[in-house]
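Novice: Got a predicted model here, sequence first, then my questions.
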Amino acid sequence: MNVLRRSAAALATIAVIGTAAPAVAATPSPSASIPAGLYGTTDPTYDGVWRQSLALLAQDTVGVKPAAKAVDWLVGQQCAGGAFAAFRADASGACDAKLMVDTNSTGAAVQALAALGGHDSATGRAVAWLKSVQNKDGGWGYAPGGASDANSTSVVIGALTAVGEKPAEVEKGGKSPFDALSKLALPCDGDGAGAFAYQPDKKGKLAANADATAAAVVGALGKGLAGDAVKPTRTTVTCKDADGPEQAADNGAAYLVKALAKDKHLTSTLPGSKDQPDYGNTADAVLALATAGQGDKAADALRWLESNSEAWAKQGGPAAHAQLILAANAQAFDVHDFGGQDLVALLDATGPKPASASTSPSQGSDRAGKKDSDEEGSGVSVWWIVGVGLVGGIGVGFLISGRNKRKQP
């Protein structure tokens, strides 16, 4: 999931909930003190746990053993009740009602810690908390009590799968997470056929959202942030009436194939800003298509990322490098030679030195016929557009409802 979306969602939640926001600065500051063990150099207020989780998950996926203090930092962010907030500057004290815990940070932390192993107590408490804040439609919103959205529900599905749970059996009011995702899937006719919406709008209408679709394709298949191992390409997917989560995932994959076909990348559209390539969501779409058995349809998009994502990844830091690693790994591209860049080394350099380097050989697939892209990316990242001023333009999908239902950590 795009970190810009997560940051905007957190800001919107703060704007709506008010006093329920964490006692931290309202806007990120590059000069903020970075805790020992944390990956990245930017203010972790809104993405500390998220970027740490992605970094550790990506390292584990390619055979890197993270530094103990990096893992300890993540474990130390957990509240006694099991939940994680985006960031706790002082993790020595107890979590109180002013701390805004969320499902995305918690779900991502579960996936990372489960992959590393040896953290059953922490992941068990986190999953118990996630179950306690499940909505009656079977899904989850970013904040406890908030309306279910495709991204958050998919992150939690990945967490459930990571600890051996069967998401279809995790129900609230007789509804499972797959039921919640099905309600966010667009039909196979009209604009956005087969896509997923982030949330319904105020009138209950669904609008296609590529970010939500990439997340939901993976979630509907019961997978997590790392996607699935490479598998033979399936028959080309077409949109059909969904009779279950797998067909809904296929429909979403068909939408992503079409969305990537023109420019080989997705586009970011922000109010008041010029449209530009969306690197993070393009990486997520690549991973989603690989997981859905449509990796061949995503190869050109990954090659485009090879040629155009360097500046974005450098500015985005650990989460950006992790997204590229997970996408490249899902496609069996060489993570140590991605457009001339060693993604693993770049990620490792953003935090404490790993306990051991990757022991697996480069996973590059047959790259014969690889096309050199003559497209030049803008090199401009949208990651810096995170501030209070963004809240007014991020749209209804980010506003968290049910603020009076907020659960305590």
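Specialist: Good, I have the coordinates.

Novice: Was I right to think R88 contacts C95?
Specialist: Yes: judged on Cβ atoms under 8 Å, R88 makes contact with C95 at a distance of 7.4 Å. Glycine gets a C-beta too; all of them are placed from N, C-alpha and C.

Novice: what's the burial count for K240?
Specialist: Around K240 there are 13 other residues, counting by other Cβ atoms under 10 Å.

Novice: do S132 as well
Specialist: 13.

Novice: low-scoring stretches of this protein, by residue?
Specialist: Residues of the chain that meet the criterion pLDDT under 70 lie in 1-32, 229-234, 359-409.

Novice: Output the longest helix belonging to it.
Specialist: helix 245-261 (DSSP state H).

Novice: elements contacting that helix?
Specialist: helix 177-182, helix 210-220, helix 279-291, helix 295-308 (3 or more Cβ pairs under 8 Å, 6 or more residues apart in numbering; DSSP states H and E).

Novice: and if we set it to 10 Å?
Specialist: helix 177-182, helix 210-220, strand 266-268, helix 279-291, helix 295-308 (3 or more Cβ pairs under 10 Å, 6 or more residues apart in numbering; DSSP states H and E).

Novice: Just put the ones you listed in JSON lines and tack on mean neighbour count and distance to S152.
Specialist: Output for these, formatted as JSON lines (neighbours: other Cβ atoms under 10 Å; distance: least, Cβ to Cβ, whole Å):
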{"stretch": "helix 177-182", "mean neighbour count": "25", "distance to S152": "10"}
{"stretch": "helix 210-220", "mean neighbour count": "31", "distance to S152": "9"}
{"stretch": "strand 266-268", "mean neighbour count": "21", "distance to S152": "20"}
{"stretch": "helix 279-291", "mean neighbour count": "30", "distance to S152": "14"}
{"stretch": "helix 295-308", "mean neighbour count": "22", "distance to S152": "24"}
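
Novice: For those, please prepare a markdown table with the additional fields distance to N151.
Specialist: Listed next are the helices and strands packed on helix 245-261 as a markdown table, based on distance: least, Cβ to Cβ, whole Å:
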| stretch | distance to N151 |
| --- | --- |
| helix 177-182 | 11 |
| helix 210-220 | 5 |
| strand 266-268 | 15 |
| helix 279-291 | 10 |
| helix 295-308 | 19 |
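
Novice: among those, which is nearest V170?
Specialist: If you check each of the helices and strands packed on helix 245-261 against V170 by Cβ to Cβ, helix 177-182 wins as the nearest, at 6.6 Å.

Novice: just how off-centre is the closest one within its chain?
Specialist: Distance, stretch centre to chain centre, for helix 177-182: 18 Å (Cα atoms, centre = their mean, to the nearest Å).
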